[in-house]
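> mind folding the following:
(2 chains)
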Amino acid sequence: MTGRRVVIIEDNEALGSLTQFTLELEGYQVEWFASGREGLAAVQAQPPDLLLLDLAMPRFSGWDVLECLKDQIARRDFVVAIITASADPEIKEQARALGVARVLVKPISAGELVQVVKEMIEEPCAKTL
Amino acid sequence: MASETDRARASGTAWASAHGWRRGVALWATVLLALFGGWQLLIGFTRLFVLHKDALFNLLFGAELVILATVAWSAELRSRPLRLTVGALLLIGSVLALALVQAGIASPSLVVVNGFHLVMAALVVEFVLFVVGRGFANVDSRLYEAFSDRLQLLQRAVGAETVYRQMFECAAEAIILIGPDMRIDEVNPQFERLTGYTRRSVVGQPARILERVGGAVTPEEIETIRAHVAEGKPMLKVERALHYPDGAQRYVEFDIVPIGADARVMVIARDVTARRDAERERYQWLTELAAINEIVTVVNRSLHLDVVLQTALTALSLATTSESAAIYLIDEASAELSLAANLNFPPEIAEAVGAFWGGDSAVGDILELRAPVLVETSQNATHRATRRLGQLGVNALVFVPLLVGDEVLGVALVASRRPLSISGRSIVVLMAAAREIGTAIRNAKLFEAERRQREIAESLRATSEAVGRSLDRREVLETVVWQVKELIDAEHAAVLLAEPEANRLVCIASTDWDGDEPLPRVIPGEGSLGWIAFQTGQPQVQSDLPETYTSPELRAVLGQIRTLITVPLFRGDRVIGVFGGVNKRGGRFTDEDVAKLQALSASVQVAIQNAELYEHVRQARDEFEVQVRQRTVAYQKTNAALQEMNLAMLGLLDELYAAKERAEEADRLKSQLLSVVSHELRTPLASIKGYTTTIIDYLARLDSETLREFLETIDAETDRLTELIANLLDMSRIEAGMLKVSKERVHLAPIIQGVCRDMADLYPEHAITATCADDLPNLVVDPRRVRQVINNLVENAAKYTPPGTSIHVSASVEDGRVLVQVADGGPGIPPEQRENLFDRFFRGVHTQDWRTRGIGLGLAICKGLVEAHGGRIWVESEPDRGSCFSFTLPVGDRQDGAAFAARESEVEALE
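Okay, here's the model as predicted:
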């Protein structure tokens, strides 16, 4: 459980750094990228156990990242959870179609975040709906 | 009878065609034999008289021939033994004749002659036996049967005449026989009974006389049925209503039947009045049953009392075909009838009907009688209410008690402008309908009660959940007051604890108050309702606050409080305070509200008690923990406040959704609105939530530096959120035309300078300057709002231009208006963006870096604010030369100035 690698792609500095901080407290090895392109490069270089991805980012959005990682996600190289500020059910559908395992709607508490990360890393397949 | 005859005739015809010639030969041969035999007998008898010797011979021969003819005629010839017998007889006759000649009794010449006769006779006999006999032998047995049938019929007819006569006399139907001459041949006694005409007066009369019997049957119809016979239609049926001299009316059915081929006609008349009545009765029953069925179906379709009442009214008015209907229900508390629902029921009629509920009127007994009552009104009636209703054009009223079992729930009332008749059956129908409506009302009421119970249970659950979730007294109480507010649908709710020694109540938790004057946090004991509830331990409900409210704080808010409810809070047997609500939405507080609050009261008390106990325990802990606790409490407060804010924002989101539905603006704006607002509101919330929950969960593991950093982030995000909400509120006020502008006489220069100073602090990398013309007049504007506009424009310029760009604010007078301009030396705004710049949620596409994120309301609000002041705002821009935002403000005239100067002093006094 510990030592697992989590990559966070989140353009909001406050949220990104907090997520990194919290997950590190829980013993995960965490990398946080504030732009889609940087994060994508890191994931492609070395697939993590879990990718936490923000959808709404300027220029290179979470959708673009998902599009580029489509094949890897399909191969189950790692699991992806997206964090979005929109409760639009359509987003959920689209994300699921791209192989995203969980869709988290902001705001989420630290407890929820940790819970979800634990679940996804420990039993990624069972949580893939 | 006719058919039998026909059959016989038919079989005869068939035979004739099959055996025509044989039959002819046989008949003629037989007739000749008989004639010849008869001739011989005649000669024999004649000769016997003159004692001629041949007499015996002639007689013998004649007899032979007659026997022969008779036997031939009978079909018995078909049997061979008989033929032998006849042959033997003829042989004996011939021998006898020869003997007679031999004996000399007959003349010898006769022997030759008669020998010839005999030979002829033998030949004839043989011929008959052989040829004609075969014809007879082949006679179809049907011929014989036909003959015997005819005979039998003839025999029967003699007896039948009597039978038919008897039937004619005793028939249940009236029977009229009409002869070929169209005169009445005969009528039976039933005719006399049915029509009232005697037999003597009609028999022999022309058939046209029947027309007089209510036009019973016309000769034309009789002619018609005669014509019909030719077409093979055996009968004509007509039904007529007969009117009797005494005014009675009966329905009679006539069958017109032709008899035989001689143009005689029989008319059979029967009284079908009873059948017709029964049919009509059944039809009416069916109609009314259908109406009841409709009522049952319709009223049971809903469990909401209002819907039930309305549908019941519609169904009642349809079923009784009356225009207006109303339902009065008995109020459980006061046991009085009150109007619960109505359909086309004008107030003046309702008022007049009200007079019927008195004990002296017949309708007053309806509750006792439990039966419908019909009141026929008249303009000349002595009863005042009846007369009044008559004048109002109501012709009849029907009161129907609404029953469930033996209990009367109320009265349904149907008013008609036409006369109504109530038969026994209608009463049954109305009562059945009323029972159904009663049951539906009862069900709806039970459902309402159930719903209220659920509501209370839900509140209790939420309260105890809050108690379970947190032991912080403040948080619990916050939850409680919100629950109270929701539960009794009040505008405001509060919990107050008593301080008996200070003779006052102090508010420890309350919901927001929208009134102009703030509600006092401290309620003095003197005569206030809360104090009465505290002292007596009894709930207090008041619709008009008593004049005993003497304290100035309370008198100040008297005008804003319409209704008030307070319920005591107990600890053990001791009253420790009160809680309750102010201003019930759309009405006044009821006993039900009191019951709800009392139900909630126990759980409130437990909540307060638990929280207090817990706090006592906490206070005993060491200093560090206390500190931590205090911090945590602070965060939780923030959290609670944020949750409140969250609620407000969700409300805002709802409002925006509603606005979205209403707006007929472009879809682009709508979808942008949704995604932007949702995203922009959720983003700071996400940070706040994340940071606070991290602090709460990992407090022990955070060093003070991190903690500080986190709290600062929360603080910054909260500010951002506050600003967003303020902007959204401003925008929605502007859109709803609810923007409040409190104008006062101000000078623009200090405002502009103030803005520039603040902005220079905030954006030190920009060069921000300002110039104001010397002749700037005083303006009558809302200084806060004008400042907001200038602030927004300067901040925009700073945000959307690279560092180092110059920003210049200027104010001058032009065409009697004050012109304010904010110009920058930035990259400028592309023309395609300038158009929508002042639209809501519009943001430049090139401004996508983190710091310039925003909701896109700034310029839209500026536009709204400027326009609210009667001004105009616009932008000019050139690529790479910068942009210039300008707006105008009107210069207030002298009168305005004076009015606002007076107002100014008021504002100052308030502040």
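
> quick one: the helices in chain A?
For chain A, helices defined by DSSP state H occupy the ranges A:13-25, A:36-45, A:62-74, A:89-97, A:110-122.

> run the chain-centre distance for the fourth one.
The one in question is helix A:89-97. Put simply, helix A:89-97 sits 15 Å off its chain's centre (CA atoms, centre = their mean, to the nearest Å).

> same question for the third one.
Relative to the centre of its chain, helix A:62-74 is centred 11 Å away, using CA atoms, centre = their mean.

> near chain A, which residues of chain B?
For chain B, the residues in contact with chain A (CB under 8 Å from any CB of the partner chain) are B:675, B:678-679, B:682-683, B:685-691, B:693-694, B:696-698, B:701, B:706, B:710, B:713, B:716-717, B:848-850. Just so you know, the C-beta spots here come from the backbone N, C-alpha and C atoms, and that holds for glycine as well.

> could you tell me the end-to-end distance of stretch A:30-47?
13 Å (CA to CA, to the nearest Å).

> does that stretch reach chain B?
No: with CB under 8 Å from any CB as the criterion, chain B is not reached by stretch A:30-47; the gap is at least 8.5 Å.

> buried residues in that stretch?
Residues A:30-36, A:39-40, A:42-43, A:47 are the ones in stretch A:30-47 that count as buried (16 or more other CB atoms under 10 Å in any protein chain shown).

> need these in a markdown table with pLDDT, can you?
Output for those, formatted as a markdown table (pLDDT from 0 to 100):
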| residue | pLDDT |
| --- | --- |
| A:Val30 | 93 |
| A:Glu31 | 93 |
| A:Trp32 | 93 |
| A:Phe33 | 92 |
| A:Ala34 | 89 |
| A:Ser35 | 87 |
| A:Gly36 | 88 |
| A:Gly39 | 90 |
| A:Leu40 | 91 |
| A:Ala42 | 91 |
| A:Val43 | 90 |
| A:Pro47 | 89 |
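
> what's the closest of those to chain B?
A:Ala34 (8.5 Å; CB to the nearest CB).

> who are the neighbours in contact with the nearest residue to that closest one once chain neighbours are set aside?
Leaving out its chain neighbours, the residue that sits closest to A:Ala34 by CB to CB, 6 or more residues apart in numbering or on different chains is A:Asp11, at 5.4 Å. A:Asp11 is in contact with A:34-36, A:54, A:56-58, B:850, counting by CB atoms under 8 Å, 6 or more residues apart in numbering or on different chains.

> now B:Val891
B:777, B:779, B:813, B:816-818.

> kindly reformat those as JSON lines containing neighbour count and pLDDT.
Listed next are the contacts of B:Val891 as JSON lines, based on neighbours: other CB atoms under 10 Å in any protein chain shown; pLDDT from 0 to 100:
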{"residue": "B:Pro777", "neighbour count": "14", "pLDDT": "87"}
{"residue": "B:Leu779", "neighbour count": "24", "pLDDT": "86"}
{"residue": "B:Val813", "neighbour count": "14", "pLDDT": "89"}
{"residue": "B:Gly816", "neighbour count": "9", "pLDDT": "82"}
{"residue": "B:Arg817", "neighbour count": "16", "pLDDT": "87"}
{"residue": "B:Val818", "neighbour count": "22", "pLDDT": "90"}
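
> farthest pair in those residues?
B:Leu779 and B:Gly816 (12.2 Å; CB to CB).

> pLDDT value on the residue nearest in space to the middle of chain A, please?
By CA atoms, centre = their mean, chain A has its centre lying nearest to A:Leu52, at 1.4 Å. Per-residue confidence at A:Leu52 stands at 92 (pLDDT).

> next one: B:Trp28
Predicted confidence (pLDDT) for B:Trp28: 79.

> and it, what element?
Using DSSP states H and E, B:Trp28 sits within helix B:2-49.

> pLDDT below threshold where in chain A?
Residue ranges of chain A with pLDDT under 70: A:1-2, A:123-129.

> could you rerun that using 50?
A:1, A:126-129 (pLDDT under 50).

> swap in the stretch 601-750 of chain B?
B:621, B:624.

> show me the helices in it, by range?
B:623-662, B:667-698, B:704-736, B:748-762 (DSSP state H, counting those that start in this stretch).

> tell me the buried residues in the shortest one?
Just to be clear, that refers to helix B:748-762. B:748, B:751-752, B:755-756, B:759-760.

> equivalent analysis for the third one, please.
Neighbour-count burial for helix B:704-736, with 16+ other CB under 10 Å as criterion, is recorded at B:710-711, B:713-714, B:717-718, B:720-721, B:724-725, B:727-731, B:734-735.

> taking helix A:13-25 as reference, get the angle to it.
140 degrees (axes from the mean of the first three to the mean of the last three CA atoms, to 10 degrees).

> give me the helices and strands touching helix B:704-736, please.
Helix B:704-736 is packed against helix A:13-25, helix B:623-662, helix B:667-698, helix B:858-868, with contacts defined by 3 or more CB pairs under 8 Å, 6 or more residues apart in numbering or on different chains; DSSP states H and E.

> orientation of it relative to helix B:858-868 in degrees?
40 degrees.

> how about the last one?
Calculated by the same axes, to 10 degrees, helix B:748-762 forms an angle of 170 degrees with helix B:858-868.

> any low-confidence regions in chain B?
Using pLDDT under 50, chain B drops low at B:1-19, B:75-76, B:133, B:135, B:137-142, B:214, B:621, B:624, B:845-852, B:894-911.

> what residues does chain A put near chain B?
A:11-15, A:18-19, A:21-22, A:25, A:56, A:58-59, A:83, A:85-88, A:105-111, A:113-114.

> repeat that with 7 Å
A:11-12, A:14-15, A:18, A:22, A:25, A:56, A:58-59, A:85-86, A:106-111 (CB under 7 Å from any CB of the partner chain).

> which among these end up buried?
Using 16+ other CB under 10 Å, the buried members of the residues of chain A next to chain B are A:11-12, A:14-15, A:18, A:22, A:25, A:56, A:85-86, A:106-108, A:110.

> quickly check the residues you listed for the two that are furthest apart.
Longest span within these, CB to CB: A:Leu25 and A:Ser86, 28.1 Å.

> B:Ile176 bridge partners, please.
Applying DSSP bridges to B:Ile176 gives these bridge partners: B:Val187, B:Val267.

> for it, what are its contacts?
B:184, B:187, B:191, B:267 (CB atoms under 7 Å, 6 or more residues apart in numbering or on different chains).

> for A:Asp71, state which of the residues you listed is nearest.
Distances from A:Asp71 to the contacts of B:Ile176, taken by CB to CB, are shortest for B:Val267, at 101.3 Å.

> and the closest one, what does it touch?
B:176, B:178, B:217, B:254, B:256.

> 8 Å instead?
By CB under 8 Å, 6+ apart, the neighbours of B:Val267 are B:175-178, B:210, B:217, B:222, B:254-257.

> okay, it and A:Ser86: tell me how far apart.
91 Å (CB to CB, to the nearest Å).

> what do you get for B:Arg276?
For B:Arg276, the distance to A:Ser86 - CB to CB - is 75 Å.

> now swap in B:Ala385 and tell me
65 Å.

> go on, B:Asp824?
Taking CB to CB, one finds B:Asp824 at 34 Å from A:Ser86.

> one more: B:Lys53?
153 Å.

> what do you get for A:Ser17?
22 Å.

> got it, and B:Arg504?
50 Å.

> what of B:Asp54?
Taking CB to CB, one finds B:Asp54 at 149 Å from A:Ser86.

> do I have it right that A:Pro107 meets B:Tyr691?
No: the pair A:Pro107 / B:Tyr691 is not scored as a contact, 10.2 Å apart, by CB atoms under 8 Å.

> mutual contacts of the two, please.
Common neighbours of A:Pro107 and B:Tyr691 (CB under 8 Å, 6+ apart) do not exist.

> wait, B:Arg474 touches B:Lys637, no?
Yes: B:Arg474 lies in contact with B:Lys637 (CB under 8 Å); the separation is 7.3 Å.

> counting neighbours, what do you get for A:Gln115?
Look at A:Gln115: counted by other CB atoms under 10 Å in any protein chain shown, it has 12 neighbours.

> again with B:Ser810
There are 17 residues near B:Ser810, going by other CB under 10 Å.
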